[in-house]
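>>> what's the 3D shape of this:
(one chain, ligands or ions: 1)
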Amino acid sequence: MAEFTRLQNCLALIRLRNPPVNAISTTVARGIKESLQKAITDDTVKAIVICGADGIFCAGADIREFKVHKTFDIQLGDIVDEIQRNKKPVVAAIQKLALGGGLELALGCHYRIAHAEAQVGFPEVTLGILPGARGTQLLPRLVGVPAALDLIISGRHISANEALKLGIIDKIVNSDPIEESIKFAQRISGQSSQELQMTSDMVADKSSALGPPKGYTSKATIEFFFYLTVPGLCCGM
Ligand SMILES: CCC/C=C/C(=O)SCCNC(=O)CCNC(=O)[C@H](O)C(C)(C)COP(=O)([O-])OP(=O)([O-])OC[C@H]1O[C@@H](n2cnc3c(N)ncnc32)[C@H](O)[C@@H]1OP(=O)([O-])[O-]
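Next comes the predicted model:
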């Protein structure tokens, strides 16, 4: 599930809870969606923080459901779109791990604050799939195409430090990233809507060189990854 808490100072906290690694199950996805709706429609909420329970952000889709259905029937991309459409700033507080769909959820947020020992990555390739919830669009916007390709096709986890250098994470902290994210959200929620608009315009300008911000993985990209990841098919290249 995802717990919604209305904090003091005009903030809302959405906490993913699905032991042991807060994986995104159908129930968790529904909880995030409903919590976001509550936060967005409440005029007294000025900023939102998303975090995980028990010291871990999220290890991606719940592979227990994948084993049963052989596919992920979770519309996480719609949730990411909703966060991006929303004018209220959303901060991801990354403790320990943000993998797969968990990283896509964090990339959808406007800011990411991680613990120094956290790790992030896209392990989808190890399950024979690609990030399908906007990760293939959002990651290259932040780190450029070569670095994004490397992370997506290797499936490797990287440290918070490397993620900070690449631009995936905005800030790393040695203290509790949830507390830090709440403080940060409080600070930016005090900014005028004009200042926030200027910041989001600057982000949009920076990423516009990579084309339109939304969309699904193109057929060409899928074919490209397919050739790169299926042994034997690369021979003719
Ligand atoms: C939504 C849109 C589409 C998105 C797709 C994706 O995200 S694809 C990417 C999907 N994500 C992945 O492919 C990540 C795969 N997972 C990993 O790489 C590692 O397990 C780890 C790095 C998360 C933790 O390593 P570690 O050495 O610290 O610990 P450990 O390995 O011993 O695991 C501890 C416990 O956690 C359990 N559990 C773990 N992950 C999941 C999960 N996703 N789900 C459910 N459960 C999960 C694991 O079964 C075990 O349970 P047990 O036996 O105690 O009842």
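>>> how many neighbours does Arg6 have?
Counted by other C-beta atoms under 10 Å, the residues lying close to Arg6 total 13. Every residue, glycine included, has its C-beta placed from N, CA and C.
>>> which SS class is it?
Going by DSSP: H, G, I helix; E, B strand; the rest coil, the secondary structure assigned to Arg6 is strand.
>>> which residues touch the closest residue to it other than its chain neighbours?
In this structure, Arg6 finds its nearest non-sequential neighbour in Ala12, 5.8 Å apart by C-beta to C-beta, 6 or more residues apart in numbering. Residues in contact with Ala12 (C-beta atoms under 8 Å, 6 or more residues apart in numbering) are Phe4, Thr5, Arg6, Ser35, Lys38, Ala39, Asp42, Val45, Ala47, Ile48, Val49.
>>> who does the strand or helix carrying Ala12 pair up with?
For Ala12, the host element (DSSP states H and E) is strand 11-16. Next to strand 11-16 in the sheet, as set by DSSP bridges, lie strand 2-7 (antiparallel), strand 47-52 (parallel).
>>> which among the ones you listed is found nearest to the ligand?
Minimum separation from the ligand across the strands paired with strand 11-16 (C-beta to the nearest ligand atom) falls at strand 47-52, 11.6 Å.
>>> who touches the closest one?
Strand 47-52 is contacted by residues 10-17, 22, 32, 36, 39, 57-58, 88-93, 95-96, 102, 105-106, 109, 177-178, 181-182, 185-186, 188-189 when judged by C-beta under 8 Å, 6+ apart.
>>> out of those residues, which are inside helices?
Among those, the members found in helices (DSSP state H) are 32, 36, 39, 102, 105-106, 177-178, 181-182, 185-186, 188-189.
>>> of those, closest to Glu124?
Lowest distance from Glu124 to those (C-beta to C-beta) belongs to Gly102, with 11.5 Å.
>>> can I get the CA coordinates of stretch 22-42 in PDB?
Taking C-alpha atoms only, stretch 22-42 is exported to PDB below (Å, rounded to 0.1, in the frame of the first residue of the first chain):
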ATOM      1  CA  ASN A  22       8.500  -1.700  -0.900                       C
ATOM      2  CA  ALA A  23       8.100  -3.200  -4.400                       C
ATOM      3  CA  ILE A  24       5.400  -1.700  -6.500                       C
ATOM      4  CA  SER A  25       2.500  -4.100  -6.600                       C
ATOM      5  CA  THR A  26      -0.900  -3.400  -8.100                       C
ATOM      6  CA  THR A  27      -2.000  -2.300  -4.600                       C
ATOM      7  CA  VAL A  28       1.000  -0.100  -4.000                       C
ATOM      8  CA  ALA A  29       0.500   1.600  -7.400                       C
ATOM      9  CA  ARG A  30      -3.200   2.200  -6.600                       C
ATOM     10  CA  GLY A  31      -2.200   3.700  -3.300                       C
ATOM     11  CA  ILE A  32       0.300   6.100  -4.900                       C
ATOM     12  CA  LYS A  33      -2.300   7.200  -7.400                       C
ATOM     13  CA  GLU A  34      -5.000   7.800  -4.700                       C
ATOM     14  CA  SER A  35      -2.500   9.600  -2.400                       C
ATOM     15  CA  LEU A  36      -1.300  11.800  -5.300                       C
ATOM     16  CA  GLN A  37      -4.900  12.700  -6.100                       C
ATOM     17  CA  LYS A  38      -5.500  13.700  -2.400                       C
ATOM     18  CA  ALA A  39      -2.400  15.800  -2.400                       C
ATOM     19  CA  ILE A  40      -3.100  17.500  -5.700                       C
ATOM     20  CA  THR A  41      -6.700  18.300  -5.000                       C
ATOM     21  CA  ASP A  42      -6.000  19.600  -1.500                       C
END
